[in-house]
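In: A predicted structure for the sequence below; I have some questions about it.
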Amino acid sequence: MSQKSNVRVRFAPSPTGFLHVGGARSLLFNYLYAKKTNGTLVLRIEDTDQARSTRESERMIFEDIAEINLPSDESPIVGGPFPPYRQSDRMSIYADHAKQLLDRNMAYYCFCPEEELGRKRELALKLGKVPQYDGTCAGITIEDARARLKKGEKAGLRFRAFKKDYILKDIVKGDVSFQENVVGDFFITRTPREDEKEIADGIGMPVYNFCCVIDDHLMNITHVIRGDDHLSNTARQLQIYDAFGWELPTFAHIAMVLGSDRQKLSKRNGDSSVHEYLANGYLPQALLNFLVLLGWSTGAEIKTASGHPELFTMEEMISLFDLKGLQKSPAVFDVTKLQWMNSQYMRSLPLDEIYTRGLRFLEAEFGVDHVAAKSQEWLKRVVDLVRGESTLLSDLPKNIRPYFTGDAGTEAEAAELLKKPESAAVIGAVEASLAELAEPITSESIDAFQKKVGEKSGAKGKGLFMPMRAILTGKTHGPELKKSLPLFTKQQLMAQVQTRKAQSLT
Ligand code: GLU
C-alpha cells in the first residue's frame, strides 16, 4: 500500500437509533473521498447527549456499516493514533479545553434555569425573532459563580460569542456568510441534571458543538463533509476554532435528502434507516450506488463497466468521485429508481453473493430445516434461475416457491391454451416422453426430451413450444425449460402434468 496522504475525513454519528440513509450517504461520500485521495477515514461516536445515546444503537450502527461495507481506518473498534474515538471517553479533554476558555474569560457560568430559558426562547419565536441568549449571567464574576457552585447551584458554561461576521468558504455552498449577532452566547457545556456526575468540578456536561471542534482539531481532520442541516452548528463551531486560534478544516455541506413529498426524509415519507432497507431485501451495493447519486454527479456522461451511465462498481465510484461534483440543491429519494437499481444488481452480482444474501429470506419463508434439506448446488441453481425476475432479495421466495413445493400451479392463460383441441397431441407426447425420461434430469436430457415431444406430436414452432411449456410449467412464458425443468424431480413433473391435463379436460 502506498503511503497515506494527509487527507483525514470523518463520519461522526450520534448513536441514537439505526444508521439513517442520510447518514449512510455522508459516510459514503467521506469514504469515497478518503479512498480517492489515499487518505484516512475516521469513525467517531458522538454520544455526549447521554439521554439519547445508547450502546445498543452504537452496536447497530457498527453492524449496519459492516453490512454496507464502508470500513473506517480509525474507530472505537479498530483504534488508531488519536484515541479514544468515542466522545464519552474523551470527557477530560473537553474539561481541559473548557477550563482554558473559562480562564481566558471567553466563557462564563450560566445559572439560568432550563424552564426560564425555554420560556424566553418561545417568546422570541412568537415575536418572529431568532432566539438568542439575553446575557443574564454574562456579568457574573468568576468568584461569585464559584461561590454559588459551592453552595450547590448548578450551571453550564456559555461561550462569549465574538461579535463579528464570519465567511465560511464551503466547497458545496460557496461563500456562506454568518452575520455578527446570528450566534448568541451558546453553551459549550450544559447544566448537569440532578443525577449526572460532572466531568470535572463545576465544568458541566460538554455539548456537541464544542466537542466536535476539539475532536476535529485534535484528530487532524482536514475535511468535514456533512449534511447542510449542520450549517447552523458550523456558525458556532467557527467561533470555537477562532477562540483557540485553530486552523479551519475544509467544509463541504451536502444538500439534504428529501422524501417524495420534498420534505426532509423521515419515517413519515419513506423508510429512513439502512437497516430497514436491508431487512426489506435491498442489496447494499444497490443502496450505495443509489445513495452516491443523491446529491452528487459525475458532471459528464461516462463509460462504466456496466454499460449504464449510472451503474457503478465501487472502484468506479472511487475513481469518479470528486467534491466538485457535490450538488447544491436537495436530492429527492426516489424509491422507484432504487428498486430499478436493485433489480439490476440482482442480475449482475456474482451468484454466490445473491445466494448468500438471499438465504435468510428463503429460511424465513420455508423454514431453516426445509432449506437445509436442499443441496447448496440445487439452491444456487434455483436462485440463479429466478433472480432476473426478482426486484428484491425478498422476492426470491415467492419466485422460488414452485421449485420448493414441486408445484408451479397453473396460470389462466396456460389453462386456456391447454383446453384447445390442438394442444391434445402435445400433451399426450409430453406424458409419454416424460415416462421415458431418465433421472437425474439434466439440461441435455431436456433438450432430447423436447425433440422427442416434437417427433411424437408432429407439432412445430409455437404450436409445439407453447403447449409444452404450459403443461410442464403452468405458464406460457418463463425461463428456458432446460434450465427450469431439471430443478424438479421426475415425479413432481409427472404429477403436475397429470393435474393440468385433468384440468384441461373439465
Ligand atoms: N453527530 C452529528 C450527527 O449525528 C454529526 C456531526 C458532524 O458531522 O459534525 O448528526
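Out: That came through fine.

In: OK, contacts around the residue in the stretch 101-250 of the chain positioned nearest to the ligand?
Out: Relative to the ligand, the nearest point of the stretch 101-250 of the chain is residue 226 (3.8 Å; CB to the nearest ligand atom). From N, CA and C alone the C-beta is placed, and that goes for glycine too. Contacts for residue 226 (CB atoms under 8 Å, 6 or more residues apart in numbering) come out as 12, 26, 252, 253, 254.

In: What is the burial count for the first one?
Out: The one in question is residue 12. Residue crowding around residue 12 was assessed by other CB atoms under 10 Å; the count is 24.

In: With adjacent residues omitted, what lies nearest to it?
Out: In this structure, residue 12 finds its nearest non-sequential neighbour in residue 44, 4.5 Å apart by CB to CB, 6 or more residues apart in numbering.

In: residues from the stretch 301-450 of the chain in reach of the ligand?
Out: By the rule CB under 6 Å from any ligand atom, no part of the stretch 301-450 of the chain lies against the ligand.

In: Of all residues in the stretch 301-450 of the chain, which one is closest to the ligand?
Out: residue 326 (15.0 Å).

In: does that residue really touch residue 227, like I thought?
Out: No: applying CB atoms under 8 Å as the test, residue 326 and residue 227 come out as separate, 11.5 Å apart.

In: From the neighbour counts alone, determine which of the two ranks first.
Out: Applying other CB under 10 Å to residue 326 and residue 227 shows that residue 326 carries more neighbours, namely 21 against 18.

In: Would you mind giving both backbone torsions of the more buried one?
Out: phi -70, psi 140 (degrees, to the nearest 10).

In: Next, give phi and psi for residue 44.
Out: phi -120, psi 130.

In: That one is in contact with residue 215, isn't it?
Out: Yes: using CB under 8 Å, residue 44 is in contact with residue 215, at 6.0 Å.

In: mind listing what the residue lying closest to residue 458 once chain neighbours are set aside touches?
Out: Leaving aside its sequence neighbours, residue 458 sits nearest to residue 425 (CB to CB, 6+ apart; 6.6 Å). Taking CB under 8 Å, 6+ apart, we find residue 425 in contact with 457, 458, 459.

In: How about the contacts made by the last one?
Out: Yep, that's residue 459 we're talking about. 422, 425, 426, 429, 467.

In: ok, it to residue 180 distance?
Out: 88 Å (CB to CB, to the nearest Å).

In: Switch the contacts of residue 425 over to CSV; also include secondary structure and distance to residue 145.
Out: Below are those laid out as CSV (DSSP: H, G, I helix; E, B strand; the rest coil; distance: CB to CB, whole Å):
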residue, secondary structure, distance to residue 145
457, helix, 99
458, coil, 103
459, coil, 98
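
In: Out of those residues, which are close to the ligand?
Out: Among these, no residue is within reach of the ligand (CB under 6 Å from any ligand atom).

In: What is the nearest of the residues you listed to the ligand?
Out: Using CB to the nearest ligand atom, residue 459 comes nearest to the ligand of the contacts of residue 425, at 66.6 Å.

In: Could you report the neighbour count for residue 381?
Out: Neighbourhood size, residue 381 [other CB under 10 Å]: 17.

In: For the stretch 151-300 of the chain, which residues are neighbours of the ligand?
Out: Taking CB under 6 Å from any ligand atom as the contact definition, the stretch 151-300 of the chain meets the ligand at 212, 226, 230.

In: wait, isn't the first one in contact with residue 237?
Out: Yes: under the criterion of CB under 8 Å, residue 212 lies in contact with residue 237, with a separation of 6.4 Å.

In: more neighbours, these two?
Out: Set side by side, residue 212 and residue 237 show more neighbours around residue 212, with 26 against 23, by other CB under 10 Å.

In: Tell me the helix or strand right after the one helix or strand that one maps to.
Out: Taking DSSP states H and E as the criterion, the element that holds residue 212 is helix 208-218. Where DSSP H and E defines the elements, the next helix or strand beyond helix 208-218 is strand 223-227.

In: what about dumping the CA coordinates of that next one to CSV?
Out: As requested, C-alpha coordinates have been extracted for strand 223-227 and formatted as CSV (Å, rounded to 0.1, in the frame of the first residue of the first chain):
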residue,chain,number,x,y,z
HIS,A,223,-12.2,17.9,5.5
VAL,A,224,-15.6,18.0,7.2
ILE,A,225,-18.2,16.6,4.8
ARG,A,226,-21.6,16.5,6.3
GLY,A,227,-25.3,17.4,5.8
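
In: can you pull out the strands in the stretch 301-450 of the chain?
Out: Applying DSSP state E, counting those that start in this stretch to the stretch 301-450 of the chain gives strands spanning 331-332.

In: Find the helix or strand that residue 42 is a member of.
Out: Short version, using DSSP H and E: residue 42 is in strand 40-43.

In: Could you name the helices and strands sitting against the helix or strand following that strand?
Out: Using DSSP H and E, the helix or strand that follows strand 40-43 in sequence is helix 55-68. Helix 55-68 sits against helix 21-37, helix 274-279, helix 284-292, with contacts defined as 3 or more CB pairs under 8 Å, 6 or more residues apart in numbering; DSSP states H and E.

In: In PDB, list the C-alpha atoms belonging to the second one.
Out: What that stands for is helix 274-279. Provided in PDB are the C-alpha atoms of helix 274-279 (Å, rounded to 0.1, in the frame of the first residue of the first chain):
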ATOM      1  CA  VAL A 274     -30.300   1.500   6.300                       C
ATOM      2  CA  HIS A 275     -31.300  -1.400   8.500                       C
ATOM      3  CA  GLU A 276     -34.900  -1.400   7.200                       C
ATOM      4  CA  TYR A 277     -33.800  -1.300   3.600                       C
ATOM      5  CA  LEU A 278     -31.500  -4.300   4.100                       C
ATOM      6  CA  ALA A 279     -34.200  -6.100   6.000                       C
END
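
In: other SSEs contacting that helix?
Out: Counting contacts by 3+ CB pairs under 8 Å, 6+ apart, helix 274-279 packs against helix 21-37, helix 55-68, helix 284-292.

In: Buried residues in it, which are they?
Out: Neighbour counts over helix 274-279 (16 or more other CB atoms under 10 Å) mark 274, 275, 277, 278 as buried.

In: Need the per-residue pLDDT for the last one.
Out: Note on residue 278: pLDDT of 97.

In: what element comes up after the helix or strand containing residue 167 heading to the C-terminus?
Out: In this structure, residue 167 sits in strand 166-170 according to DSSP H and E. Later in the chain than strand 166-170, the nearest helix or strand by DSSP H and E is strand 174-178.
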